[in-house]
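[1] what follows is a predicted structure for the sequence shown.
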There are 2 protein chains.
Amino acid sequence: MTDLALHLDGNGPLYEQIRRAIALKITRRQWRPGDRIPFESELCAALNTSRMTVNKALQSLADDGLIVRRRKAGSFVATQQSVQAPLTIAKIEDEVAGEGKAYSYELITRTAMRAEGKLTVAGIFPRGTDVVHIRCRHLADGTPVLFEDRYISLKAVPVAGDEPFEATPPGSWLLEHVPWTEAEHAICAVSADPDLAGQLGVTVGAACLRIERRTWADDETVTFVNLTYPGHHRTLIGRFQPGQRGG
Amino acid sequence: MTDLALHLDGNGPLYEQIRRAIALKITRRQWRPGDRIPFESELCAALNTSRMTVNKALQSLADDGLIVRRRKAGSFVATQQSVQAPLTIAKIEDEVAGEGKAYSYELITRTAMRAEGKLTVAGIFPRGTDVVHIRCRHLADGTPVLFEDRYISLKAVPVAGDEPFEATPPGSWLLEHVPWTEAEHAICAVSADPDLAGQLGVTVGAACLRIERRTWADDETVTFVNLTYPGHHRTLIGRFQPGQRGG
DNA sequence: GTGATTATTATGTCTATACATAATATCTCG
DNA sequence: CGAGATATTATGTATAGACATAATAATCAC
């Protein structure tokens, strides 16, 4: 088990103090992975607080994966101590604007087609689904910062068939017009082929960062997109503090 | 404002139902960014529940960035609708083991040195800080899957000076021996230089995925590490559901 | 009108209590 | 001893009430 001398620092709400105190015990390895931490009732007694307050602190620790809770058994320091970082992918317009640069958008091609070959082999869309294929790029002060290669399901989003996407980036348009319930991301590095190199203004073979995103609405794939950034230029930053909530 | 016809689906705890119902309104764009959503008191009355229950639902929505709450003013649908994905960086040992492959580790070099030049220019360590520089790689079934280039501050972790790191990967060792309070990540793509290409068994110039991580303990930098994966092989996946908690 | 003061109000936090639920421990009967 | 029934217990959820806090709205003095 564990000893029970928790130090509350007096800063901020009580449940945050309790959360911090326990998180500190864990990060300082005084309470080690697998250890049972004191019961809610014990913490209540020791800290002279109500159970709801202790419960709020423990729930938030469980939400962030620092502890695991089991009815009747108690709460335990999580054994798998992976590093979690909240990866925030901002809208590219906001990102460029945030850097004080002028955002612009260029549609390259827009093609109506039917899903077959790679698109179905990868299990993205059912064979025969009508889709719109869009290739476009995003620029900051005239310099390409993002190449976008996107497929939109016309089954899930019929109105996309009437949208030219000449002035409106498909990402923003989709956010405005279609609800989504789930998204999955994969990140990888790719070498620029001649086409991509031309679109992004980098040398052929240059390393680029790619985010693949697949978005669903109610079990139906809405859109599949490859977002490719020049590798040297673009970085994604996350920050994580185990003893603190949020980003 | 917004209408107030929330549909509770009857599945699971009440606060989750309320959370889901509101998240649905937002993702379906019936309540739009900037809209004020009903006050806690209004929701209580409409749903015939207690304020604490409604409060729990709204707090959790605020935690996940779907709404913003302001005292006296009310709660509002968040205007900046960025996509958040929980990026989980597992310990490489666990990752390899999880794929059913045999994990192994190789120390390449271990050098004691003093921080200067690039290390201080980047503001990582104060000039003159004693550090240990470790280069090593991680293999799955004998194939390199990760090259690690790490600096550990001897000021923050004096015992690292006595650790050879010949059998123990520095990442695991640090997790075991040093508490940390904050970490920052950056992700980018790099081209493999001849050295890196040799270590990872890829061709020179191949695109690789790099995670830079800087870790602090109480405002002092503990370690700075570049983790480089073969770009084609390694992907990081996050999943996110706006209407649901957790990852 | 304008600035300072006061009132109002929605959220933020905390308490005490109650019952539900799931997992464990104990008991009972064959 | 062992399988099944029963009791126990820590967490999970929900309630009602109280006061704190911060931001807005209203009021008052000048």
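    Alright, I've got the coordinates.
[2] so residue A:70 touches residue A:76, yeah?
    Yes: assessed by C-beta atoms under 8 Å, residue A:70 is found in contact with residue A:76 at 7.2 Å. Every C-beta, even on glycine, is put in place using the N, C-alpha and C of the backbone.
[3] so between those two, which is more surrounded?
    Each of residue A:70 and residue A:76 has its neighbours counted (other C-beta atoms under 10 Å in any protein chain shown); residue A:76 has more, 16 against 9.
[4] bridged to the more buried one, which residues?
    Under DSSP bridges, the beta-bridge partners of residue A:76 are residue A:36, residue A:68.
[5] check residue A:210 too.
    Going by DSSP bridges, residue A:210 is paired in beta bridges with residue A:188, residue A:228.
[6] quick check: the gap between it and DNA strand D.
    The gap separating residue A:210 from DNA strand D is 38 Å, by C-beta to the nearest atom of the strand, to the nearest Å.
[7] mind listing what that residue touches?
    By C-beta atoms under 8 Å, 6 or more residues apart in numbering or on different chains, the contact set of residue A:210 is A:187, A:188, A:189, A:190, A:226, A:227, A:228, A:229, B:189.
[8] repeat that with 10 Å
    Listed by C-beta atoms under 10 Å, 6 or more residues apart in numbering or on different chains, the contact set of residue A:210 reads A:147, A:149, A:186-190, A:196, A:226-229, A:231, B:189, B:207, B:209, B:231, B:235.
[9] can I have the buried ones of those residues as a PyMOL selection?
    Selecting only the buried entries of the contacts of residue A:210 in PyMOL, with 16 or more other C-beta atoms under 10 Å in any protein chain shown as the criterion:
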select buried, (chain A and resi 147+149+187+188+189+190+196+226+227+228+229+231) or (chain B and resi 189+207+209+231)
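[10] per-residue pLDDT of the residue lying closest to residue A:163 once chain neighbours are set aside, please?
    Nearest residue to residue A:163, sequence neighbours excluded (C-beta to C-beta, 6 or more residues apart in numbering or on different chains): residue A:173, at 6.3 Å. Note for residue A:173: predicted pLDDT of 91.
[11] same check, this time on residue A:92
    If you check residue A:92, the pLDDT there is 87.
[12] that one: neighbour count?
    Counted by other C-beta under 10 Å, the residues lying close to residue A:92 total 22.
[13] check the gap between it and residue B:208 for me.
    Noted for residue A:92: a distance of 24 Å to residue B:208, by C-beta to C-beta, to the nearest Å.
[14] which residues touch residue A:170?
    For residue A:170, the contacting residues are A:105, A:107, A:110, A:132, A:134, A:136, A:148, A:150-152, A:160, A:163, A:223, A:225, by C-beta under 10 Å, 6+ apart.
[15] again, 8 Å this time
    Shown in contact with residue A:170 (C-beta under 8 Å, 6+ apart): A:134, A:136, A:148, A:150, A:152, A:223.
[16] got it, and residue A:49?
    So residue A:49 contacts A:14, A:18, A:43 (C-beta under 8 Å, 6+ apart).
[17] secondary structure and distance to residue A:202 added to the contacts of residue A:170, as TSV?
    Supplementary listing: the contacts of residue A:170 in TSV, determined by DSSP: H, G, I helix; E, B strand; the rest coil; distance: C-beta to C-beta, whole Å:
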residue	secondary structure	distance to residue A:202
A:134	strand	21
A:136	strand	17
A:148	strand	16
A:150	strand	20
A:152	strand	27
A:223	strand	26
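[18] so which of those comes closest to residue A:53?
    For the contacts of residue A:170, the residue nearest residue A:53 by C-beta to C-beta is residue A:223; the value is 43.8 Å.
[19] separation between the closest one and chain B?
    Remark: distance between residue A:223 and chain B (C-beta to the nearest C-beta, to the nearest Å) = 12 Å.
[20] burial count for that residue?
    Count around residue A:223 with other C-beta under 10 Å applied: 27.
[21] same question, residue A:167
    By the measure other C-beta under 10 Å, the count of residues near residue A:167 is 8.
[22] residue A:39 now?
    14.
[23] is it in contact with residue A:74, as I believe?
    Yes: contact criterion C-beta under 8 Å: residue A:39 and residue A:74 qualify, at 5.8 Å.
[24] let me know the secondary structure of the spatially most central residue of chain A.
    Taking C-alpha atoms, centre = their mean, the centroid of chain A lies closest to residue A:87, which sits 4.6 Å from it. Three-state assignment for residue A:87 (DSSP: H, G, I helix; E, B strand; the rest coil): strand.
[25] in the sheet, who's paired with the nearest residue to it once chain neighbours are set aside?
    In this structure, residue A:87 finds its nearest non-sequential neighbour in residue B:87, 3.9 Å apart by C-beta to C-beta, 6+ apart. Following DSSP bridges, residue B:87 is listed with bridge partners residue A:85.
[26] tell me the spacing between residue B:87 and DNA strand C.
    26 Å.
[27] so where's chain A shaky on pLDDT?
    In the predicted model, chain A carries pLDDT under 70 at residues A:1-4, A:81-83, A:233-247.
[28] what residue in it comes nearest to DNA strand D?
    residue A:40 (3.4 Å; C-beta to the nearest atom of the strand).
[29] so that residue sits against residue A:51, correct?
    Yes: using C-beta under 8 Å, residue A:40 makes contact with residue A:51 at a distance of 5.4 Å.
[30] residues near the closest residue in space to residue A:206 that isn't next to it in sequence, how many?
    Counting by C-beta to C-beta, 6+ apart, residue A:206 lies nearest to residue A:192, which is 4.7 Å off, once chain neighbours are set aside. If you count neighbours by other C-beta under 10 Å, residue A:192 ends up with 24.
[31] what of residue A:93?
    By the measure other C-beta under 10 Å, the count of residues near residue A:93 is 15.
[32] for it, helix, strand, or coil?
    Going by three-state DSSP, the state assigned to residue A:93 is helix.
[33] apart from its chain neighbours, what residue comes closest to it?
    residue A:103 (5.2 Å).
[34] ok, that neighbour - contacts?
    Per C-beta under 8 Å, 6+ apart, neighbours of residue A:103: A:92, A:93, A:96, A:97, A:138, A:139, A:140.
[35] show me just the buried residues among those.
    In terms of neighbour count (16+ other C-beta under 10 Å), the buried residues within these are A:92, A:96, A:138, A:139, A:140.
[36] do I have it right that the first one meets residue A:171?
    Yes: Residue A:92 is within contact range of residue A:171, at 7.1 Å (criterion: C-beta under 8 Å).
[37] count the neighbours of the closest residue to residue A:22 other than its chain neighbours for me.
    The shortest distance from residue A:22 to any non-neighbouring residue, by C-beta to C-beta, 6+ apart, is to residue A:61 (6.2 Å). Using other C-beta under 10 Å, residue A:61 has 25 neighbouring residues.
[38] can you check residue A:181 too?
    Around residue A:181 there are 19 other residues, counting by other C-beta under 10 Å.
[39] which residues touch the closest residue to it other than its chain neighbours?
    Nearest residue to residue A:181 in three dimensions, chain neighbours excluded: residue A:217, at 5.4 Å (C-beta to C-beta, 6+ apart). When contacts are counted by C-beta under 8 Å, 6+ apart, residue A:217 touches A:156, A:178, A:179, A:180, A:181.
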